[in-house]
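would you be able to build a 3D model of this:
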Amino acid sequence: MFKTKMGRKEFDFEPDSSPVAWDHFKTYYKDVCFTEKLSRVHRKYSRLTSNASVNGITYEIAGDCSFNFNCKKVCSLKSIINDDLDISDDDKKQLNELLEKCKEKHHTLLNFDLMPVTGGMNTIKGLKYKAEKILIHDVGKVPNNGLLDRLDTFICFLDESYKSLDSFIKSKNMDLRAIGEFFSNSVFTISMKSENFTILYDLLKEYGDIYEYCKSFYTIHDSKFVEKLIENGKKPMKTAKDVENYMNLANEFWKEKEKNFRILKWRDLKCYESTE
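Residues are numbered from 1 along each chain as shown. Coordinates of the predicted model:
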């Protein structure tokens, strides 16, 4: 946790929603228009949130660890590796070492991104598989260790929601049963239980597709890499090879972001120099 003073008081902050993280967001997330000062959400550890706006749509936004390699998730992933009977002990050792390196990246700026929390988007990121189908965990229940909070699965699920929504909008003969099935297990499922559905609907419709969404909220501009996230997100994590692919994807994600941050930093420097 990060200890930081706000006014005269000192608070313990969750790293992904700390003042340090927000300085980073305001510097590099150019496509997000923040509309209010940061407000502190008091829990065991404090979190900073803000409101953002796009074309008149105002929503709440917070920091999030994109690839979750916290202690509980690492334990779950280690179990998958160590229980795999098809790989050698040496291979298990190498994969566990790679997993420890990923764990070290968990609370770093390269792994912090922005997540709209209006409509329960942050809750929806806790997805699970059942009979090879991606499902949102039961609303109101604390996710168990089997839910790995996977970014790739979230991106895959969001992409499916975008495509299904687009087909419903274009369809002339809308099947109420099909629409009901979609909303019962889609990115909108939690928002349907509150007054935030229309805000989330308008927000996602504003970005149009998963590629534009990833540009704004993950600073990922490479459409081929987004497709790689989608494809890997379709697969349950069952074997050591699955975990290896997931860790390689996380490292590729961090490298892609680091490259994009360097480009943005260079552009800002060039803009500054041109005003001299």
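
low-confidence regions, the stretch 1-150 of the chain specifically.
Across the stretch 1-150 of the chain, residues meeting the criterion (pLDDT under 70) sit at 1-11, 36-38, 40-44, 127-147.

what segments of it are strands?
Taking DSSP state E, counting those that start in this stretch as the criterion, the stretch 1-150 of the chain carries its strands at 2-6, 9-13, 33-34, 39-41, 47-54, 57-65, 112-116, 127-130, 133-136.

which parts of the helix or strand following the last one are buried?
Toward the C-terminus, strand 133-136 is succeeded by helix 151-170 as the next helix or strand (DSSP states H and E). Going by neighbour count (16 or more other C-beta atoms under 10 Å), the buried part of helix 151-170 is 151-162, 164-165. The way it works is simple: take the backbone N, C-alpha and C, and place the C-beta from them, glycine included.

hey, which helix is longest across this protein?
Using DSSP state H to assign secondary structure, the helix with the most residues in the chain is helix 240-274.

packing partners of it?
For helix 240-274, the contact count by 3 or more C-beta pairs under 8 Å, 6 or more residues apart in numbering; DSSP states H and E identifies helix 71-82, helix 89-105, helix 151-170, helix 223-233 as packing neighbours.

what average pLDDT does the third one get?
Here helix 151-170 scores 86 as its mean pLDDT.

which strands or helices does that helix pack on?
Using 3+ C-beta pairs under 8 Å, 6+ apart, helix 151-170 is in contact with strand 127-130, strand 133-136, helix 176-184, helix 197-207, helix 210-218, helix 223-233, helix 240-274.

and what of the second one?
Based on contacts counted as 3+ C-beta pairs under 8 Å, 6+ apart, the elements that helix 89-105 packs against are helix 71-82, helix 240-274.
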